[in-house]
Every structure is written in structure tokens, then in C-alpha cells.
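Asker: generate coordinates for the sequence data below:
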Amino acid sequence: MIYLGPGGTPHGVNGTKKSMEYLAEEGLNAMEVQFVRGARMKESTAEDIGDEAEKHDILLSIHAPYYINLNSESEETIEKSKERIMKSARLADKMNAWVITVHAGYYSGMSSDEATEIIGDGVVECAEKIEEENLDVKIGLEQMGKEKSWGTLEEIEKVMNRTSSVVPVLDFAHYHARYGGVLKDEQDFRGLLEKYEAMQEKNHLHSHFSSIKYGDKGEKEHLNLEEYEPDFRQLAQILKEKEYDITVICETPELDRDSLRMKKILGM
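Answerer: Have a look, this model is predicted:
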């Protein structure tokens, strides 16, 4: 099954809870709740949102705060980063959101292997706490779009090998931008999904899509779907062929409007 929806509250809707009915009426079935400025929601509110999402058959995920760096020179920053991941995980569990998307950190002058080891330690610690607290949620490590940001698929796979509580979040725009515009045709998309499948054994794919502006050092800003770089039309047929569940969260400025454009392209 393919789940489509926005990363954040649709335009003109007042609040996350009200978004559930609105998205269902539009014909969408997913939403990534944005905690990017901080996970400040009450647990009771998260439970209400989860109930509303279940009522309207909306699959929820959460985007953890941006202010996370598990490879900081500051030990305080690392500890606060782990706290932010755990707070997001607890709220996700209350909301029945199955995965929290995490920007795990930066290289901070280290090699890929060094940064991966340290970031992996932080992720594993959080994963162990999630298991201890019986939280029904996965940590989704997002493939990042800037050269300075930790998060290639190869690095994410190394952390996945250390814990079963981690899944990759495939961001097509980030991948395109990080490697200088590599998703040029349908075969390029097929190759990327083959890499994902080798990591995940064809389990539920959580992904982000938008067009993107980029430069020598990677991503600059997200753009609307009809900028066609990368081009969702080249990906759509491939997604329909897959036999595993796929979530595509729209991260364009148009949010649910571009999610509906994706739905039309997919013929859903």
C-alpha cells in the first residue's frame, strides 16, 4: 500500500488534530507531525491526535527536532539531543506514530567512520531506552542532503547493523542534491530503491519527496513538485510495482496540495 501525505499541518488548517479529518476528506492517508522546533506537545494531546488519526485511517509519523547532534563537541548537546529523541519517541508512542524521523548529526571535523561510531553509540542508547520503556516506535535515520551532515545510506546501514530499532528514511530530494543531481531518469530511481531494499529487506519504506535547489555542497531549499528536479513522474511507476508498504511524505512548500498531485500522478 502507498501512503501519501504532508510533512506538517495542511495550509489553512488549525492544528494537527483537525488535520486528520481534513486529509481524509482530501483523499490522503498519511502525515508526518512536525516537532522540528521542539517536542512540546502534552501526552494527552498526542493521544487525542492518535485517536483521530485512527478514526480517519491516517498513518502517522513524527519528525524529531532539528536541534539534534549526536556528534557534537559539547557533551551537553549530545545529552540534550538524546533527550529530544526520547521525548519524540514517547509522544510518538502515545500518538501511534510508527517512526520518528531524525537528523542525527554532523561530521564535526571527523571521518565518516569516526562520526558513525559516535552517532551510532547515541542512537543505540536511545534504541535501548525505547525497548526498555516498551515504546512501539522506530528511529528513522534520514538520508541527508548536505555534505557536512552525517547520513549517507552506507553510514545509516552501519548503525542499523547495531540495533533492530532503526530504519532508514529515504529522502529522494536529499539524495539528489547531495550527489549533484544524480536522479535523472527512471533507472536512477530504480538503482536507489535497490540500495534501500538491500538494507531493509523490502520492509515498509518511509520516504520524503520534494523538488530541490542545490549547489556544490548539497541542498539549499525545498521546491514545489512541478519544478521536476528530481521528477516524481519518473518514480511513480516504480512505486506502484513494489509489493511492500511505502509512505511518501511531501516536503514541498505546497504540502498536501503537492501530495494530491503525487496521488494523481500515481493514478490512485
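Asker: and the residue nearest in space to the middle of the chain, what pLDDT?
Answerer: The centre of the chain sits closest to Thr101, judged by CA atoms, centre = their mean, with a distance of 4.3 Å. Confidence at Thr101, expressed as pLDDT, is 98.
Asker: which residues touch it?
Answerer: For Thr101, the contact set (CB atoms under 8 Å, 6 or more residues apart in numbering) comprises Glu32, Ser61, Ile62, His63, Ala64, Gly140, Glu142, Val169, His206, His208. All C-beta atoms are positioned from the backbone trio N, CA, C, and that covers glycine.
Asker: how many neighbours does Lys146 have?
Answerer: Residue neighbour count, defined by other CB atoms under 10 Å, stands at 17 for Lys146.
Asker: which helix or strand contains Leu60?
Answerer: strand 59-63 (DSSP states H and E).
Asker: okay, now the sheet partners of that strand, with direction.
Answerer: Sheet pairing of strand 59-63 (DSSP bridges) gives strand 30-34 (parallel), strand 99-102 (parallel).
Asker: quick one: average pLDDT of it?
Answerer: Rounded mean pLDDT across strand 59-63 is 98.
Asker: the stretch 101-250 of the chain: strands as residue ranges?
Answerer: 138-142, 166-171, 205-209, 211-215, 218-223, 246-250 (DSSP state E, counting those that start in this stretch).
Asker: need the ones you listed in JSON lines with mean neighbour count, mean pLDDT and distance to Ala115, can you?
Answerer: Listed next are the strands of the stretch 101-250 of the chain as JSON lines, based on neighbours: other CB atoms under 10 Å; pLDDT from 0 to 100; distance: least, CB to CB, whole Å:
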{"stretch": "strand 138-142", "mean neighbour count": "24", "mean pLDDT": "98", "distance to Ala115": "13"}
{"stretch": "strand 166-171", "mean neighbour count": "24", "mean pLDDT": "97", "distance to Ala115": "16"}
{"stretch": "strand 205-209", "mean neighbour count": "24", "mean pLDDT": "98", "distance to Ala115": "22"}
{"stretch": "strand 211-215", "mean neighbour count": "19", "mean pLDDT": "96", "distance to Ala115": "22"}
{"stretch": "strand 218-223", "mean neighbour count": "18", "mean pLDDT": "94", "distance to Ala115": "16"}
{"stretch": "strand 246-250", "mean neighbour count": "25", "mean pLDDT": "98", "distance to Ala115": "26"}
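Asker: wait, which of these is closest to Tyr106?
Answerer: Taking CB to CB, strand 218-223 is the member of the strands of the stretch 101-250 of the chain nearest to Tyr106, at 12.4 Å.
Asker: what angle separates the closest one from strand 211-215?
Answerer: Relative orientation of strand 218-223 versus strand 211-215 (axes from the mean of the first three to the mean of the last three CA atoms, to 10 degrees): 150 degrees.
Asker: how far off centre is strand 218-223?
Answerer: Distance of strand 218-223 from the chain centroid (CA atoms, centre = their mean, to the nearest Å) equals 16 Å.
Asker: so what does that strand touch, helix or strand wise?
Answerer: helix 172-178, strand 211-215 (3 or more CB pairs under 8 Å, 6 or more residues apart in numbering; DSSP states H and E).
Asker: dump those to JSON lines, plus distance to Glu226.
Answerer: Shown next, in JSON lines, are those (distance: least, CB to CB, whole Å):
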{"stretch": "helix 172-178", "distance to Glu226": "14"}
{"stretch": "strand 211-215", "distance to Glu226": "8"}
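Asker: run through this protein and note the low-pLDDT ranges.
Answerer: Along the chain, the model assigns pLDDT under 70 to no residue.
Asker: against His63, how distant is Arg37?
Answerer: Arg37 sits 10 Å away from His63, going by CB to CB, to the nearest Å.
Asker: residues near the closest residue to Glu73 other than its chain neighbours, how many?
Answerer: In this structure, Glu73 finds its nearest non-sequential neighbour in Ser108, 6.1 Å apart by CB to CB, 6 or more residues apart in numbering. Other residues within reach of Ser108, judged by other CB under 10 Å, total 14.
Asker: try Lys240
Answerer: When neighbours are defined as other CB under 10 Å, Lys240 has 12 of them.
Asker: would you agree it is in contact with Leu266?
Answerer: Yes: if you go by CB atoms under 8 Å, Lys240 and Leu266 touch, sitting 6.4 Å apart.
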